[in-house]
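S.K.: Kindly return the folded structure for what I paste below:
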Amino acid sequence: MLAPVGHWGGGDVWRVTSGEFPSNAYLCGTGDGRCVLIDGGLDPAAIDLAMQQLALTPTAVFCTHGHFDHAGSAAFFQKKFGVPVYLHGADRKLLKASNFLLMAFKLASRIEQPGEITAVASGESVDVAGHALTFHGAPGHTPGSCIIELGSALFTGDTIYTRGVGLSHLPGEQPEMLKQSILALWPLLTAERIVYPGHGGCASGAEVRATNRALLEFLGLPHSTETKAVEL
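M.R.: Predicted structure coming up:
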């Protein structure tokens, strides 16, 4: 399902939700019929069709972390368009284990591995049409989980949802580390920034801080008992 969900400051943002294990992929327009893909799960055909419908060509793939429902399409777009794939170096082994995890989840999908991965570190930035795209390290859900900041957009993967908490209970997940990572990046969640999560709807950072009761409880922060989330 393709839907326009906002503007990051240098172009529009479209969300594609699809796959046997549904997740959000984001197309960020950068002008002149180009875009970058942020996360891509188990249905590259749906993402590719969305690009065709929007007349967009990708110039890079950025992954918030290495789970198959966020990086599973990376190889497809690298092979078709010759674009680089960016992923935090700590999640390279996790991406390589994707098909094992898919079998463990009893899912029929299988993925290819990118021919080459550009490993990034926390705090590293990549130029996107004259704007800095920054990887903010947020280990906990996975060792290499990141929040990707591009203009006014925060692509949070499974680190922050607009509703609920991204706890998967998979091997390697560290809830206490996740909590500390979110608290360290909490100041990023402002009224001016929009949170685009790996699953579910998007909302402003201020709305997430004010209305995601489950997340506030997980973090040990005060919350109101009469809050309602506003999602796009």
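
S.K.: In contact with the closest residue to Gly205 other than its chain neighbours, which residues?
M.R.: Spatial nearest neighbour of Gly205, chain neighbours left out: Leu189 (3.1 Å); criterion: Cβ to Cβ, 6 or more residues apart in numbering. To be clear about C-beta, it is placed using only N, CA and C from the backbone, and glycine gets the same treatment. Residues counted as contacts of Leu189 (Cβ atoms under 8 Å, 6 or more residues apart in numbering) are 154, 160, 195, 205-206, 208-209.

S.K.: which non-adjacent residue is nearest the residue nearest the centre of the chain?
M.R.: Per Cα atoms, centre = their mean, the C-alpha nearest to the average position across the chain is that of Gly157, at 3.3 Å. Distances taken as Cβ to Cβ, 6+ apart place Thr64 nearest to Gly157, at 2.9 Å, with adjacent residues excluded.

S.K.: Over to Val5?
M.R.: Closest to Val5 by Cβ to Cβ, 6+ apart is Arg15, at 4.7 Å.

S.K.: Now do the same for the one you found: helix, strand or coil?
M.R.: Assigned with DSSP: H, G, I helix; E, B strand; the rest coil, Arg15 falls in the strand class.

S.K.: Bridged to it, which residues?
M.R.: Counting by DSSP bridges, Arg15 is bridged to Ala3, Tyr26.

S.K.: can I assume it is in contact with Asn24?
M.R.: Yes: shown here, Arg15 and Asn24 form a contact pair, counting by Cβ atoms under 8 Å, at 5.3 Å.

S.K.: What residues sit buried inside the worst-scoring helix or strand of the chain on mean pLDDT?
M.R.: Of all helical and strand segments in the chain, the minimum by mean pLDDT, DSSP states H and E falls on helix 98-104, at a mean of 94. Within helix 98-104, the residues that count as buried by 16 or more other Cβ atoms under 10 Å are 98-99, 101-102.

S.K.: What's the separation between the nearest residue to Ala108 once chain neighbours are set aside and Lys80?
M.R.: Sequence neighbours aside, Glu20 is the residue nearest to Ala108 in space, at 6.6 Å (criterion: Cβ to Cβ, 6+ apart). Taking Cβ to Cβ, to the nearest Å as the criterion, Glu20 is separated from Lys80 by 21 Å.

S.K.: Compare these two (neighbour count), which wins?
M.R.: Relative neighbour count places Glu20 above the other of Glu20 and Lys80, with 16 against 13, counting by other Cβ atoms under 10 Å.
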